[in-house]
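Below is the sequence, then the predicted model.
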Amino acid sequence: MSSPLRAWITGVGLIAPGLPDWPSARAVLRGEQAWVSAPSLLPAPAILPPAERRRASRVIKLTLGIGLEAAAGAEVSTLATVFSSSGSDGHNCHALCEQLASDDRHVSPTRFHNSVHNAPAGYWGIATKSMAPCQVMCAFDGSFGAGLLDALGQVELDRQATLLLAYDSEYPEPLFAKRPVPDCAGVALRLEPAPSAQALARITVRTTEAPAPPWSHPALEPLRAAIPALRALPLLERLAQGGAGEVCLDYLPGLQLAVRVEPV
C-alpha cells in the first residue's frame with residue numbers, strides 16, 4: 001500500500017463469547033472487569049419484517065446486532081457497508097451438506113438463499129432499507145484486515161461514511177475438526193471521513209511486513225487467534241483504554257496492518 005489510509009471511528013459494535021456488546025468489552029479491555037467465558041449472545045432481529053425474522057440464522061442475528069450497535073445515532077440507511085467474513089454461516093453450510101448427503105437431496109428455499117456469502121448484506125438491506133453502496137468480501141483469516149482496507153478506501157476516495165462488519169460463525173462437527181472456530185463473533189466499526197461529535201478516535205492504517213508482536217491479554221488471546229474477525233481485538237483495546245499509540249494486526253501471511261490510533 002503506497003500511502004496510509006485514514007478515517008475517524010464514530011461507533012463500535014461487538015458480539016463475542018463472554019462479550020455481549022461494546023460497553024461490556026470496553027470494561028474488560030480496560031481491566032475494570034474480568035472476562036468470563038460464555039457463549040455469544042445473539043439479539044433477536046426485531047428490525048426485520050416478521051417473515052424474514054423467522055428465517056434469520058445465527059449469522060444474520062450477529063451482523064444485525066453488531067451493525068446496529070455501531071451505527072447508533074446515524075441515519076443507518078445512508079451508510080455504505082462492507083461485510084467481511086472468512087466463512088459466513090457455518091451452521092447453514094453444515095445443514096446443506098447433511099441434506100445433500102441424504103437420500104432426499106431437496107434443499108429448502110430458506111437454506112438455499114441463506115447459503116450465499118452475501119446473505120447478511122441482503123438481510124441488512126431489507127432491515128434498514130439501505131440503498132447505499134455495499135461490498136461483500138472474504139479473505140480467510142485475513143478477512144478483518146481486508147474489510148478494513150476496503151472500508152477505509154471508500155472513506156478516503158468517496159468521502160463516504162462507511163460501516164465495516166467483520167464476522168465469523170462456528171461450524172458443527174465434522175467440519176469443526178477442519179475449521180475450529182469456537183463460536184460466532186463479530187466486530188463493526190463506523191468510519192467517517194471527518195470528525196464529528198460522536199468521534200472516538202482517528203486511525204491511520206498502513207501495511208507492514210514487520211511481524212505483529214504478541215498481544216498481552218492472556219484471557220482473550222485464544223479468541224483473537226481462533227476467530228478471524230477478532231483479529232481486531234488489539235485495536236479495540238487501544239480504543240477502550242483511550243491512549244494514543246500504534247497496534248499491529250495480523251492480516252495475510254507475511255503482511256500485517258499497522259494502525260495508529262489518536263483519540264479525540
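In hand now; what should we look at?

From here on, just use CA atoms for contacts and neighbour counts.
Fine.

what about the helices in the stretch 151-264 of the chain?
Secondary structure of the stretch 151-264 of the chain (DSSP state H, counting those that start in this stretch): helices at 221-226, 233-241.

which residues touch the residue nearest the centre of the chain?
Here the mean C-alpha position of the chain is nearest to the C-alpha of A166 (CA atoms, centre = their mean), at a distance of 2.1 Å. Contacts for A166 were tallied using CA atoms under 8 Å, 6 or more residues apart in numbering; they are 83-85, 143-144, 147, 186-188, 229.

what do you get for V264?
For V264, counting by CA under 8 Å, 6+ apart, the contacting residues are 199-202.

For the helix or strand of the chain with the lowest mean pLDDT, list every residue counted as buried.
Within the chain, judged by mean pLDDT, DSSP states H and E, the helix or strand with the poorest mean is helix 109-115; its value is a mean of 80. In terms of neighbour count (16 or more other CA atoms under 10 Å), helix 109-115 has its buried residues at 114-115.

what's the answer for stretch 66-81, then?
Applying a neighbour-count criterion of 16+ other CA under 10 Å, one finds 66-71, 76-81 buried in stretch 66-81.

out of these, what pair is the most spread apart?
Of all pairs drawn from the buried residues of stretch 66-81, the greatest distance, 16.9 Å, lies between I66 and T78 (CA to CA).

Just want the phi and psi numbers for A70.
Dihedral angles of A70 (phi, psi; degrees, to the nearest 10) stand at phi -70, psi -30.

thinking it is in contact with G186, fair?
No - at 11.4 Å, A70 and G186 do not qualify as touching, with contact defined as CA atoms under 8 Å.

and the nearest residue to A225 once chain neighbours are set aside, what is it in contact with?
For A225, ignoring the flanking residues on the chain, the nearest one in space by CA to CA, 6 or more residues apart in numbering is R231 at 7.0 Å. Neighbouring residues of R231 by CA under 8 Å, 6+ apart: 144, 224-225, 249-250.
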